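Q: This is a predicted model, with the sequence first.
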2 protein chains.
Amino acid sequence: MKRYEQTTLKQIAADLKLSVSTVSRVLAGKGDRYRISAQTADRVKAEAKRTGFVPNQIASALRLKRTHTIGLIIPDISNPFFAAVARQIEMEAARRGYFIILCDSRDSTGAEVEYLKLLQSRSVDGLIISPVGRIGAHLRGLRGNGVPVVLIDRYFPDLEAPYVTSDNYGGAYEAVTHLIEYGHTQIACVRGIAGSSTADDRLAGYRAALGAAGIDYDPQMVAGDDFSESSGYAAAQVLLKSKSVKPSAIFSQGNLITFGVLRVLDEKNLAVPVDISLVSFDDHYYASFLATPLTTVAQDKESIGRDAVKLLFRQLDQGVDKITEGIHVPTFLIKRKSVAYC
Amino acid sequence: MKRYEQTTLKQIAADLKLSVSTVSRVLAGKGDRYRISAQTADRVKAEAKRTGFVPNQIASALRLKRTHTIGLIIPDISNPFFAAVARQIEMEAARRGYFIILCDSRDSTGAEVEYLKLLQSRSVDGLIISPVGRIGAHLRGLRGNGVPVVLIDRYFPDLEAPYVTSDNYGGAYEAVTHLIEYGHTQIACVRGIAGSSTADDRLAGYRAALGAAGIDYDPQMVAGDDFSESSGYAAAQVLLKSKSVKPSAIFSQGNLITFGVLRVLDEKNLAVPVDISLVSFDDHYYASFLATPLTTVAQDKESIGRDAVKLLFRQLDQGVDKITEGIHVPTFLIKRKSVAYC
DNA sequence: ATGCAAGGAACAAACGTTTGAGCAGATGAG
DNA sequence: CTCATCTGCTCAAACGTTTGTTCCTTGCAT
């Protein structure tokens, strides 16, 4: 905002024949500590109110080396999951007097790295990142430099940085177990991007549930390259075309993937759950209004956002290296109508 | 980001036994204009690279009174419509070297006003706002002060400020005309918040379509208080319970409203489109996967975001008062299966 | 030799805050 | 009456850039 004729401390000081420091102290509420008389303080406050004084945070940030700003880098704000998390983060930050700079990395590591550099030049006080790549090498330096970072949704096992994510393993385990309880043994898995903790953990949960039920794991039952609709579409085609496997149920690792799967099912005239059962990660408002209301693994987006901010501020308070905690937020299975007995 | 041991111009200058201004000029690419020798320039650039110099934008902003930051205030980032628009805005801003500060006003005028003040103290260079209230009085002052502002989604007829919104009138007209072509004459409208240009224009389009077909406008056919799901739910109950009106079709003004309507329809065991037809404003990915694929009025969210940024930068370039344009982005009707002959 | 114009870089102020240190005058104790 | 103490405020530097102005050298023409 062009602060056209914005009042400054200097102006108030001049008008009141006071020094800038006096005005600053009064307005910062430190009048008493510096023995500014109540009279003077009142005059200053009155003048500040009269002129509509608003402190210039840029100047303050320069002096204090604190911008009260946190950078948020996410792969896609139009993905409802990230939108919900971002909203919570924004609200929690605002409560604490912090602003969010929103960066949409469009699932590009290049953009992510670029944003990192730009945010550094903006001197943000901390970062919340949902990283896109498979490795977090570019993030390590940040923490080494004392920059508070919190990872959300994905984390890197080799990077000791605090993170908040859903209990993807547990959620997948529960979902697949649910399918097994309905008699399914031929369960396909449409996975997200390999190398991401999200996809890996969900796959691990899938395998564990299979194992616990004594069902052999068949690599041919797994397909998919990333979390997109097109990947889901392609994967479902492969899985349903194959002659060697005949899945009676599909476990989809993400909401967009599910749309791809649904499209294939539609094209092949396969009805859910009559012809095939389906469980999807990520719940949504519309899930209950779909042709077949979907059974889903819901993530607690509010908690994820809230905990991320919490971890960030703990680093701000206690120092970056004190906090290395990883939080796995429980998921919950919402049973609707997309699963039937096999 | 704590810029722990960040290199500064001063440091480079000291190391190279040069003055800060020389270093600054070289790194700003103004070496030639100020006759800095190529030798010196090269030394400076080398040292900057070696030390990983990143200019401190905070200091620059203070000096130049330009933050390269724009404030984005929207009612709800988790609403897919706003998320998509926000994404586009972020991308367009990033292309121009600008950052977005994201503010979620939670549909509260109070929060909006508060954000405005805080953003002012941050000296943002401009604002893109989707305002929540019915009046834009608090926005007038901004433009008067030379702050570039662009309104999105909603505008105020009494506030001369550039805005970008869908052609809500046209979209509604087309949707309702579509219903009329299918023989409907008893068409209900579930509206958004009264006093908002969005709801008002959609209602006007609805009435105009009715009028053009020689159908009398019946106020009893209109219900709804805002764009929420609960409002849609309540409104649909009223409309379908009434004895004086028997709608054969419903025109819903928003995606969340539609979910409310759908819930009522479900509860009353009314099938779409067999028992009742439905057209909804706002298209979505899932609309085609719903129990009945929805006929919707799609908004061009990308254009809205892009044009908003464009209008903002035009103000930045040419001055706030030169730009007062309002853009109505065309909508398009997506015909699916929720409309049947009456 | 003398003057003059470039060439190359330094000086210094400014942006608006914050804050440690200091300075006058008043008050009180001895 | 003197010294110490308190009261109430001011000074000045600092944060890291940017930029109009100035300053000192050379080289060159006269």
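A: Arrived safely, thanks for sending.

Q: now the strands for the stretch 101-250 of chain A?
A: A:126-129, A:149-152, A:163-166, A:187-190, A:222-223, A:249-252 (DSSP state E, counting those that start in this stretch).

Q: So which of those is nearest A:Val279?
A: strand A:249-252 (5.3 Å; Cβ to Cβ). C-beta coordinates here come from the backbone N, C-alpha and C atoms, glycine included.

Q: list the buried ones in whatever helix or strand comes next after the closest one?
A: Following strand A:249-252 in sequence order, the next helix or strand is helix A:255-267 (DSSP states H and E). Residues of helix A:255-267 classed as buried: A:Asn255, A:Leu256, A:Ile257, A:Thr258, A:Phe259, A:Gly260, A:Val261, A:Leu262, A:Arg263, A:Val264, A:Leu265 (neighbour count, 16 or more other Cβ atoms under 10 Å in any protein chain shown).

Q: And stretch A:211-222, by the same measure?
A: A:Ile215, A:Met221, A:Val222.

Q: what sits against the first one?
A: Translated: A:Ile215. Counting by Cβ atoms under 8 Å, 6 or more residues apart in numbering or on different chains, A:Ile215 makes contact with A:Ile180, A:Thr185, A:Ile187.

Q: Quickly note the distance from it to A:Gly183.
A: As for A:Ile215, its distance to A:Gly183 is 12 Å (criterion: Cβ to Cβ, to the nearest Å).

Q: and stretch A:117-136, anywhere near DNA strand D?
A: No. For stretch A:117-136, no contact with DNA strand D is found by Cβ under 7 Å from any atom of the strand; the gap never falls below 8.4 Å.

Q: Please identify the buried residues of that stretch?
A: A:118-133, A:136.

Q: mind listing what's buried in the helix or strand bottoming out on mean pLDDT in chain A?
A: Every helix and strand in chain A was compared by mean pLDDT, DSSP states H and E; the lowest is helix A:137-144, with a mean of 82. Under the neighbour-count criterion of 16+ other Cβ under 10 Å, helix A:137-144 has A:Leu139, A:Arg140, A:Leu142, A:Arg143 buried.

Q: where does chain A have low pLDDT?
A: Scanning chain A for pLDDT under 70 picks out A:1-5.

Q: what does the domain assignment say about it?
A: A:9-55, A:64-166+A:301-329, A:168-298 (automatic domain parsing).

Q: how long is the longest one from one end to the other?
A: In domain A:64-166+A:301-329, first residue to last residue: 35 Å (Cα to Cα, to the nearest Å).

Q: Could you look up the SS state of A:Val44?
A: Three-state assignment for A:Val44 (DSSP: H, G, I helix; E, B strand; the rest coil): helix.

Q: Next up, the contacts around the closest residue to A:Val245 other than its chain neighbours.
A: In space, and not counting its chain neighbours, A:Val245 is closest to A:Gln220: 5.1 Å by Cβ to Cβ, 6 or more residues apart in numbering or on different chains. By Cβ under 8 Å, 6+ apart, A:Gln220 lies in contact with A:Ser242, A:Ser244, A:Val245.

Q: Just the buried residues of those residues.
A: Here, 16+ other Cβ under 10 Å leaves A:Val245 buried among those.

Q: can you tell me which of the contacts of A:Gln220 are in helices?
A: Among those, none falls in helices (DSSP state H).

Q: Make CSV out of the contacts of A:Gln220 and add distance to A:Glu112.
A: Below are the contacts of A:Gln220 laid out as CSV (distance: Cβ to Cβ, whole Å):
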residue, distance to A:Glu112
A:Ser242, 36
A:Ser244, 39
A:Val245, 36
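
Q: how about CSV for the contacts of A:Gln220, with distance to DNA strand C added?
A: Shown next, in CSV, are the contacts of A:Gln220 (distance: Cβ to the nearest atom of the strand, whole Å):
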residue, distance to DNA strand C
A:Ser242, 66
A:Ser244, 69
A:Val245, 65
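
Q: And the nearest residue to A:Ala172 once chain neighbours are set aside, how far from B:Arg106?
A: In space, and not counting its chain neighbours, A:Ala172 is closest to A:Gly205: 2.9 Å by Cβ to Cβ, 6+ apart. According to Cβ to Cβ, A:Gly205 stands 35 Å off from B:Arg106.

Q: Give the full set of residues in contact with the closest residue to A:Val149 other than its chain neighbours.
A: The shortest distance from A:Val149 to any non-neighbouring residue, by Cβ to Cβ, 6+ apart, is to A:Leu127 (4.8 Å). By Cβ under 8 Å, 6+ apart, A:Leu127 lies in contact with A:70-73, A:116, A:119, A:142, A:147-150, A:312, B:1.

Q: Can you say which of these are buried?
A: Members of those classed as buried by 16+ other Cβ under 10 Å are A:70-73, A:116, A:119, A:142, A:147-150, A:312, B:1.

Q: Out of the residues you listed, which sit inside helices?
A: A:Leu116, A:Leu119, A:Leu142, A:Leu312.

Q: Let me know the closest of those to A:Pro162.
A: For these, the minimum distance to A:Pro162 (Cβ to Cβ) is 8.1 Å, reached by A:Leu312.

Q: pretty sure the closest one is touching A:Val124, no?
A: No. The criterion here is Cβ atoms under 8 Å, and A:Leu312 misses it with A:Val124 at 10.7 Å.

Q: which neighbours do these two share?
A: Shared contacts of A:Leu312 and A:Val124, counting by Cβ under 8 Å, 6+ apart, come down to A:Ile70.

Q: What helices and strands are in contact with whichever strand or helix holds A:Ile58?
A: In this structure, A:Ile58 is located in helix A:57-64 according to DSSP H and E. Helix A:57-64 is packed against helix B:57-64, with contacts defined by 3 or more Cβ pairs under 8 Å, 6 or more residues apart in numbering or on different chains; DSSP states H and E.
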